[in-house]
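Trainee: kindly generate the corresponding structure for this input.
(2 chains)
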Amino acid sequence: MGNGITRREALAVAAGCITLTRCSMLGARSAVPRVSIVRAGYTQSIYDTVRRLLVEHRVDVRGKRVVVKPNLVEFDPGTTINTHPMLVHAAVEGFRALGAADVRIAEGPGHRRVTLDLADAAGYFETIPQFEDLFTDLNLDDVSQVLLRDPFSRLTSLYFPNTALGADLIVSLPKMKTHHWVGATLSMKNFFGLVPGGIYGWPKNVLHWAGIDECIADLHAAFPRHFAIVDGVVGMEGNGPIQGNPKPVGVLVVGGDMTAVDATCCRIMRINPSMIRYLRLAAGPSRLEEQNIRQIGEAIKNVQTPFDLIEPFQNIRL
Amino acid sequence: MGTNAGIGAVGRTSGDRRDSYVGTSPGMPNRAESVPAKLMDLASIIRLQNHDGGWPYRNGGSSWTEPTVFALLAQSAQPGDRQSVERGLAWLRAAQRQDGGWPPCPSVAQSTWVTAMAALLPADQLGRACHTNAINWLMEQTGKETSLAYRLRNELIGDGAGADETHRGWPFFPGAAAWVTPTAFGVLALEKARRHQAAIAVEQRILVGREFLLDRICKDGGWNYGRSNVLGVDAPSYPETTGQALLALNQVRSAKVDRALTAAQDEARACQSSEGLSWLQLGLQAHGVAAAGPARKLECRRLVDSAVSILAQAALGGRNIFLE
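Mentor: Down below sits the predicted model:
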């Protein structure tokens, strides 16, 4: 954290690490964002679907290092809490097919330290060949300190895993879920898993004290080279992100602008995206408006599935 | 890396020092049989040692405090390599910060909860001054939620629900709230210090830390990583945190602890991770109970899993390193 950093340390960090700004992110998203909604299931066809979507979004990863970041949270024999392994594998295969030099799967769960055991229970070892060789536990990866320029939160710097910092593209693969603190957890909130538990603990409570919404917006800005594929085949409603109930929606939501992807997911869940504080912080209200996002594939109204909301979030209903 | 076959029997361990406990099933064998079928052995752990003397979390990584401590603890549970131990201790001494605490790794400019891990090493090995400074650092730490300013704020906005904020545990990272894992290790570290040098302040801090743990027991009898209830919904307990809390509550007798022992035995039978099972075995052994693990074999996949498994096996054999 920034507290107590000397000027010398700050200069060293600035020289040695990537300094990331909101400006760079905003510069990269000047065009109208495109978001695809496609119907999908956890079947073999998901491989073709993902590959087609990556081509459709002209994701150029030739010779690049790609980090695919699923959402691994809890031991769950079902498909509700964690990103489905078949979707993760489809993304890995898709980016490989597009010529990526290296595709890694990486995650740093927020509550549980036993990441590989979580992945095993979620079916990752079974579904993804050589999973352990492909996987980096971001909670235990070597780290570098990164200054946060113009942060939304009170933090002035964070330590990040070198695997994430070295990626040319980070692909957020979250579940479509409600969240008991921030309303909805989608591609942006999934970046909490980039913050190393080995430094901040389990949970990464420093982020809570600095403001969850603000930190989500900071992480979004800190990793501007991103792409999102949201697992909405089966989401979670009610008391998410762990103790909610399965919510089948049967879609993937995909795009290069995470604020637009998450706003679209919210509309599918019948949540007003402008009532999600971190979306407002990261995008500003006008950028979240439906007419400012170019929807591809299924129309929102055709797949819209109201998610149950816990009492404190009844006011975010669309 | 290996497996931790949790095939065992419920009963007292051979090293049970607390015969008064009556919570175990009668007629069970004296010795747990939860011996891993295959484990990342001590020799493999020693081979992972970096040139600088520390240990990484994963093969090829840089040295971190936590795996270094676990590799050293494992070498005190089984005959290790003297040179390796000396190099490890030297790395730890060099990594200690001016404030007496340890950072998670040398590139991090902040002492954190891993200070409690380092303070679990014997003071005569680590160095008396190093150990004393670590204990002094730990004595200064508490969860931010117990600060006067935070409690006053809660009173003003009428947010008095949830856990009692007067119980002072330890945070993972200074300036954050207290949690079960760092509190359990904080208590264990202070207990070690107390055994060698009694001090009223240390004694009191142990009691306060234990009160925090007892306050956080979940409805199912075990421990979640944090609160037992969030937004009116009961939180489930986890094997790792349940085992760690029971370990820190050694010698504590209460109905809550008895219920926790039963819950821990249930958790052990359903456990899905080797590390979780090892912590349950360590925690239960501290109360004279041996855990029956799940029928399926659990793999040790990392250095820490493997080291904790070695420590659990030593405990089941009668030597619980955390309680020495």
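Trainee: mind listing what the residue nearest to A:Pro85 when sequence neighbours are not counted touches?
Mentor: The shortest distance from A:Pro85 to any non-neighbouring residue, by C-beta to C-beta, 6 or more residues apart in numbering or on different chains, is to A:Thr127 (3.8 Å). C-beta here means a position set from N, CA and C on the backbone, and glycine is covered the same way. Neighbouring residues of A:Thr127 by C-beta atoms under 8 Å, 6 or more residues apart in numbering or on different chains: A:85-86, A:88-89.
Trainee: most neighbours of all the residues you listed, which one?
Mentor: A:Val88 (32 neighbours; other C-beta atoms under 10 Å in any protein chain shown).
Trainee: what does the model give that one for pLDDT?
Mentor: Per-residue pLDDT puts A:Val88 at 98.
Trainee: so it touches A:Val68, yeah?
Mentor: Yes - applying C-beta atoms under 8 Å as the test, A:Val88 and A:Val68 come out as touching, 6.3 Å apart.
Trainee: okay, and the common contacts of the two?
Mentor: Taking C-beta under 8 Å, 6+ apart as the contact rule, A:Val88 and A:Val68 both touch A:105, A:173.
Trainee: now the helices for chain A?
Mentor: Assigned by DSSP state H, the helices in chain A fall at A:7-16, A:22-28, A:45-56, A:85-97, A:115-121, A:124-127, A:131-134, A:162-165, A:197-200, A:205-209, A:212-222, A:258-268, A:277-283, A:300-303.
Trainee: give me whichever of those helices is most buried.
Mentor: Across the helices of chain A, averaging neighbours per residue (mean count of other C-beta atoms under 10 Å in any protein chain shown) puts helix A:258-268 on top, at a mean of 28.
Trainee: which one among the contacts of A:Thr127 gets closest to B:Gly276?
Mentor: In terms of C-beta to C-beta, no member of these lies closer to B:Gly276 than A:Pro85, at 21.2 Å.
Trainee: got the contact list for residue 134?
Mentor: Looking at chain A here, since you left the chain open. So A:Leu134 contacts A:92, A:103-105, A:128 (C-beta under 8 Å, 6+ apart).
Trainee: could you do chain B instead?
Mentor: Counting by C-beta under 8 Å, 6+ apart, B:Ala134 has contacts B:96, B:100-102, B:115, B:118-119, B:126, B:189.
Trainee: how much space between it and chain A?
Mentor: To chain A, B:Ala134 is 18 Å away according to C-beta to the nearest C-beta, to the nearest Å.
Trainee: count of neighbours near the residue lying closest to that residue once chain neighbours are set aside?
Mentor: In space, and not counting its chain neighbours, B:Ala134 is closest to B:Ala119: 4.3 Å by C-beta to C-beta, 6+ apart. If you count neighbours by other C-beta under 10 Å, B:Ala119 ends up with 28.
Trainee: would you confirm that B:Ala119 contacts B:Val187?
Mentor: No - if you go by C-beta under 8 Å, B:Ala119 and B:Val187 don't touch, sitting 11.2 Å apart.
Trainee: what does the model give the residue of chain A found nearest chain B for pLDDT?
Mentor: Nearest residue of chain A to chain B, counting by C-beta to the nearest C-beta: A:Gly201, 2.4 Å away. The model reports A:Gly201 with a pLDDT of 98.
Trainee: hmm, it is touching B:Pro174, no?
Mentor: No - with contact defined as C-beta under 8 Å, A:Gly201 does not reach B:Pro174; the gap is 10.8 Å.
Trainee: which of the two has more residues huddled nearby?
Mentor: Neighbour count, other C-beta under 10 Å: between A:Gly201 and B:Pro174, A:Gly201 has more, with 26 against 22.
Trainee: quick check: the gap between the more buried one and B:Gln96.
Mentor: Distance of A:Gly201 to B:Gln96, given as C-beta to C-beta, to the nearest Å: 20 Å.
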